[in-house]
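Undergrad: let me see the structure of the following:
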Amino acid sequence: MIPIRSLLVPAAALGLVSAAVPARAISVAGYGFRMGIAAARIHGDYGDASGSQRRVGFACASFARVPVSGPLSLQPEIGWASKGADDNFTGTVSGGGYQETFGFPIEHRIEYLEIPILLRVDVPTGSWLEPHFLMGPEVAIRTGGDRVTGPYTFTIQPSPRVQGARIFEEVGTVDNPRYRNVDWSMIGGVGLALGRAPLRIVVDSRYALGLAGIFPDSDRSLAHNGAWITTLGIELR
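TA: Numbers count the residues shown, from 1 in each chain. As a prediction, the model looks like this:
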């Protein structure tokens, strides 16, 4: 269940944006919907130790564009993304002149309701092809998450000497994972609009760098999110 205090965070952010733009100036210049993929992995000490690899998940969002001045506009969004990583812990045990190497794959799936508030800079070209840049903060509320273990793998090879070894059976909490409920990110990206009003096709590619640790009671140096999100959508003007 999502804590009430977590819902207050995006509400407060939206309130600050509303206060920053005069009421008479608020108008929607465009709105739309986009969907695509999030190629995510876990960064930090945990990601380095586990050999974290990118995991591809689904992403979608709706957005609106509020003009500020000239080519500048605010682009608030609300969306959903499946992030996480594909990890592969390894261990060894030696004895009898042989050494066995074990592979312990874990798939992290962490799902978020995402609310970014972005500054959008359009580049007028006077043609049907118009690029833009995006940058700004995002708050993400975790809606679900688990870890799925894959098949064990092992190889056997001769060992130059017999030595004791220890296998750590508990790598995190596989059956009952714990993730932080709220994540903060900074987003930077580019987009391309194709077509003219009232309907345009929009291609968007952005990177979301997590600013908070994904595990409770830990900072981002241990583990934080990082994801490339690429989507295709439509914008109505």
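
Undergrad: name the nearest residue to I110, ignoring sequence neighbours.
TA: Ranked by Cβ to Cβ, 6 or more residues apart in numbering and with sequence neighbours excluded, the top spatial neighbour of I110 is G145, at 4.1 Å. For glycine as for every other residue, the C-beta is placed from the backbone atoms N, C-alpha and C.

Undergrad: what's the helix or strand containing the one you found packed up against?
TA: Using DSSP states H and E, G145 sits within strand 129-149. For strand 129-149, the elements it packs on are helix 4-20, strand 72-95, strand 98-122, strand 182-194, strand 199-210, judged by 3 or more Cβ pairs under 8 Å, 6 or more residues apart in numbering; DSSP states H and E.

Undergrad: make sure S73 is actually in contact with A64.
TA: No: assessed by Cβ atoms under 8 Å, S73 is found out of contact with A64, at 9.6 Å.

Undergrad: buried sites along stretch 183-198?
TA: By neighbour count with 16 or more other Cβ atoms under 10 Å, stretch 183-198 contains the buried residues 183-185, 187, 189, 191, 193.

Undergrad: want to throw the residues you listed into a markdown table with distance to G44 and pLDDT?
TA: As requested, those are exported to a markdown table (distance: Cβ to Cβ, whole Å; pLDDT from 0 to 100):
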| residue | distance to G44 | pLDDT |
| --- | --- | --- |
| D183 | 13 | 96 |
| W184 | 15 | 95 |
| S185 | 14 | 97 |
| I187 | 19 | 98 |
| G189 | 22 | 98 |
| G191 | 29 | 97 |
| A193 | 35 | 95 |
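
Undergrad: beyond the one helix or strand in the chain whose mean pLDDT sits lowest, next helix or strand please.
TA: Across the helices and strands of the chain, mean confidence by mean pLDDT, DSSP states H and E is lowest for helix 4-20: a mean of 47. Heading C-terminal from helix 4-20, the first helix or strand you meet, by DSSP H and E, is strand 30-43.

Undergrad: what distance separates stretch 129-143 from the middle of the whole chain?
TA: Computed by Cα atoms, centre = their mean, to the nearest Å, the chain-centroid distance of stretch 129-143 equals 11 Å.

Undergrad: isn't L113 right up against I141?
TA: Yes: L113 is within contact range of I141, at 4.7 Å (criterion: Cβ under 8 Å).

Undergrad: between these two, which contacts overlap?
TA: Counting by Cβ atoms under 8 Å, 6 or more residues apart in numbering, L113 and I141 have no shared contacts at all.

Undergrad: S73 and A64: who's more crowded?
TA: S73 (20 against 16; other Cβ atoms under 10 Å).

Undergrad: which pLDDT value does the model give the more buried one?
TA: In this model, S73 is scored at 96, pLDDT.

Undergrad: could you do F215 as well?
TA: Reading off the model, F215 has pLDDT 87.

Undergrad: pretty sure it is in a strand, no?
TA: No: secondary structure assignment (DSSP: H, G, I helix; E, B strand; the rest coil) places F215 in coil, not in a strand.

Undergrad: quick one: it and A208, what's the gap?
TA: 18 Å (Cβ to Cβ, to the nearest Å).

Undergrad: more neighbours: which of these two?
TA: A208 (26 against 20).

Undergrad: my read: the more buried one touches E138, true?
TA: Yes: at 6.3 Å, A208 counts as touching E138 under the criterion of Cβ under 8 Å.
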